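A.B. asks: I would like the atomic coordinates for the input below:
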Amino acid sequence: MSNQPRIPDPETRKRSVEKLKEVCRQFDELNELLDRAIASAEADIRNSPSSAYRTRQQQKRRQMEI
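C.D. replies: Presented below is the predicted three-dimensional model:
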């Protein structure tokens, strides 16, 4: 009736390590995909007409403050 966790055998540990490595690789791949999606969205926002309009309006306000 021991509640001590048992240490898995070497083959089970090896499989677990390989699975964890694969999960880490998949997370890295997902992070790269998300980084590219964010960069694309930011570029779309920068190049949108409404963003250009807001930028011009901000520049006009700054010049009026000077």
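
A.B. asks: point me to the helix or strand that includes the residue nearest the centre of the chain.
C.D. replies: By CA atoms, centre = their mean, the chain has its centre lying nearest to Asn31, at 4.2 Å. Under the criterion of DSSP states H and E, Asn31 resides in helix 10-46.

A.B. asks: any idea which helix or strand comes after that helix?
C.D. replies: Assigned by DSSP H and E, the successor of helix 10-46 is helix 49-65.

A.B. asks: tilt between that next one and helix 10-46?
C.D. replies: Helix 49-65 and helix 10-46 meet at an angle of 60 degrees, taking axes from the mean of the first three to the mean of the last three CA atoms, to 10 degrees as the criterion.

A.B. asks: could I have the CA atoms of helix 49-65 written out in PDB?
C.D. replies: Extracted in PDB, the C-alpha atoms of helix 49-65 (Å, rounded to 0.1, in the frame of the first residue of the first chain):
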ATOM      1  CA  PRO A  49      -6.100  53.100 -46.100                       C
ATOM      2  CA  SER A  50      -7.600  53.800 -42.700                       C
ATOM      3  CA  SER A  51      -4.200  53.400 -41.100                       C
ATOM      4  CA  ALA A  52      -2.700  55.800 -43.600                       C
ATOM      5  CA  TYR A  53      -5.500  58.300 -42.800                       C
ATOM      6  CA  ARG A  54      -5.000  58.000 -39.100                       C
ATOM      7  CA  THR A  55      -1.200  58.500 -39.500                       C
ATOM      8  CA  ARG A  56      -1.800  61.700 -41.600                       C
ATOM      9  CA  GLN A  57      -4.200  63.000 -39.000                       C
ATOM     10  CA  GLN A  58      -1.700  62.400 -36.200                       C
ATOM     11  CA  GLN A  59       1.000  64.200 -38.100                       C
ATOM     12  CA  LYS A  60      -1.300  67.200 -38.700                       C
ATOM     13  CA  ARG A  61      -2.200  67.400 -35.000                       C
ATOM     14  CA  ARG A  62       1.500  67.200 -34.000                       C
ATOM     15  CA  GLN A  63       2.300  70.000 -36.400                       C
ATOM     16  CA  MET A  64      -0.500  72.100 -35.000                       C
ATOM     17  CA  GLU A  65       1.000  71.700 -31.500                       C
END
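
A.B. asks: all good on my end, thank you.
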